[in-house]
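**Q** Starting from these lines, generate the structure:
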Amino acid sequence: MATDPIIRADNVSKTFQVIKRRPGFMGGLKTLFSADFQEVRAVDGISFEIGRGELVGYLGPNGAGKSTTIKMLTGVLRPSDGEIVVNGLVPYEERGRNAKNIGVVFGQREQLNWDLPPRDTYQLMRRMYSIPSDKFDNNLAMFTELLELQDLLDIPVRQLSLGQKMRCEIMVALLHDPEVIYLEEPTIGLDVVSKHRIMEFLQELNRERGTTILLTTHDLSDIEKLCKRVMIIDGGEIIYDGRLAEIRRLYGATRSLVFTPQDGARLDGLESLVDSIGNGATVYFGDEAVAIRFDPRKVSASEITRQIVTKYELKDLSVEEADIETIVRDIYERGQVG
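**A** As a prediction, the model looks like this:
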């Protein structure tokens, strides 16, 4: 458990009543006038604590329960069961007070006014949160510098690029000095330079101010750059909560022998060859390259290489460690860690 937890979720579940649709046109008409409902459990009995000043990655496939969790932590949704406490407050019972302690950034939902420059939205936030003028001016100056927004504050939002808008959105969430920041897909659709700027800024914010950050993303490179701890949710249940390094230890033993055949070369019998290697080796075909995944504790890379180069004509060949995306995909498929 976290020391000095600022966020605590205890056996939290969330269920929704959704319309059970009947097939076909007539079924659709019947549903319109006489709907049947079914219960969908989006989050199923999750428990965790996040310590003050932690930076935690929250991973999961689409529909796993990530967004529902964030909405309950922010107070937008009330849990069906269980309890949530954020900085001493129950967020869905004290939404106003909780809002002053948190900042939220949703990658695909804008808080900035499309027709106004960011500076106007920041002034509106100052009034909404009753931010003292000196504190607002100091934060505006500091975050403008750190996020490199000097030339953007007076340009209408509609004229900004996606990366520029996201940096301005992050400023909205931080002006009132929240102790907790929830970031949902903050780098979605951004170019490499914009991602790098945002990741550097979040590291600086966490290091210098001790801001607690919960980051949900599909970009696993974000997690690797920022987070020592990750939680993985699938099917509404947390299937892993621990250090990123431990995931690598448990699941990162696999390697991939990646090779590109010569133009026109045939790969007859490759699947049979991989089957003969055994020990869990599997083959994956890409557009140009082919990868054979294997466990070096069970079969050596040199033995697989010898068999491949003896039988096939190759342009290129290399042995690669499993990346974090491959590791997490394995965890999803197995549904459990350990």
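**Q** Quick check: phi and psi at the closest residue to Leu160 other than its chain neighbours.
**A** Of all residues not flanking Leu160 in the chain, Leu152 sits nearest, at 6.3 Å (C-beta to C-beta, 6 or more residues apart in numbering). For every residue, glycine as well, the C-beta is placed using N, CA and C. For Leu152, the backbone dihedrals (degrees, to the nearest 10) come out as phi -110, psi -20.
**Q** remind me which residues of this protein are low pLDDT?
**A** When residues are selected by pLDDT under 70, those of the chain lie in 1-3, 19-20, 22, 24-37, 107-108, 251-253, 323-325, 328-329, 332-338.
**Q** where exactly do the strands run in it?
**A** 5-20, 36-51, 55-59, 81-86, 102-106, 180-184, 212-216, 229-234, 237-243, 255-261, 282-285, 290-294, 314-321 (DSSP state E).
**Q** ok, now which ones touch the residue nearest to Thr211 when sequence neighbours are not counted?
**A** In this structure, Thr211 finds its nearest non-sequential neighbour in Leu205, 5.1 Å apart by C-beta to C-beta, 6+ apart. Counting by C-beta atoms under 8 Å, 6 or more residues apart in numbering, Leu205 makes contact with Leu146, Leu174, Ile181, Thr211, Ile213.
**Q** ok, now how distant is Leu205 from Ala173?
**A** 11 Å (C-beta to C-beta, to the nearest Å).
**Q** shared neighbours of the two, anything?
**A** In contact with both Leu205 and Ala173: Ile181, using C-beta under 8 Å, 6+ apart.
**Q** burial measure for the residue lying closest to Glu179 once chain neighbours are set aside, as a count.
**A** Spatial nearest neighbour of Glu179, chain neighbours left out: Asn101 (5.4 Å); criterion: C-beta to C-beta, 6+ apart. Residues contacting Asn101 under the criterion other C-beta atoms under 10 Å number 18.
**Q** my guess is Asn101 meets Glu94, correct?
**A** No: at 9.7 Å, Asn101 does not count as touching Glu94 under the criterion of C-beta atoms under 8 Å.
**Q** so how far is Gln111 from the residue positioned nearest the centre of the chain?
**A** The residue lying closest to the centre of the chain (C-alpha atoms, centre = their mean) is Thr217, at 1.8 Å. Per C-beta to C-beta, Thr217 is found 19 Å from Gln111.
**Q** Which residue, neighbours along the chain excluded, lies closest to the residue nearest to the centre of the chain?
**A** Nearest one to Thr217, counting by C-beta to C-beta, 6+ apart, is Glu185 at 5.6 Å.
**Q** Just give me the neighbour total for that neighbour.
**A** Glu185 is flanked by 21 other residues according to other C-beta under 10 Å.
**Q** Equivalent analysis for Arg249, please.
**A** Neighbour tally, Arg249, other C-beta under 10 Å: 10.
**Q** what about the lengthiest helix in the chain, distance to the chain center?
**A** Ordering each helix of the chain by length in residues (DSSP state H) puts helix 192-209 first. Between the mean C-alpha location of helix 192-209 and the chain-wide mean there is a distance of 15 Å, by C-alpha atoms, centre = their mean, to the nearest Å.
**Q** what do you get for stretch 257-277?
**A** 35 Å.
**Q** what does it contact?
**A** Against stretch 257-277 from outside (C-beta under 8 Å, 6+ apart): 281-283, 288-292, 294, 299, 301, 303-305, 307-308, 311-320.
**Q** run the last query once more with 10 Å
**A** Stretch 257-277 has contacts (C-beta atoms under 10 Å, 6 or more residues apart in numbering) with 281-286, 288-294, 298-299, 301, 303-305, 307-309, 311-320.
**Q** Kindly report the same for stretch 39-46.
**A** 9-18, 20, 63-69, 71-72, 77, 79-82, 231, 233, 235-238, 241.
**Q** switch to 7 Å and redo it
**A** 9, 11-18, 65, 68-69, 236-238 (C-beta atoms under 7 Å, 6 or more residues apart in numbering).
**Q** can you check stretch 206-225 too?
**A** 6, 50, 52-59, 66, 70, 179-185, 187, 199, 202, 205, 226-227, 230, 244, 324-325, 328.
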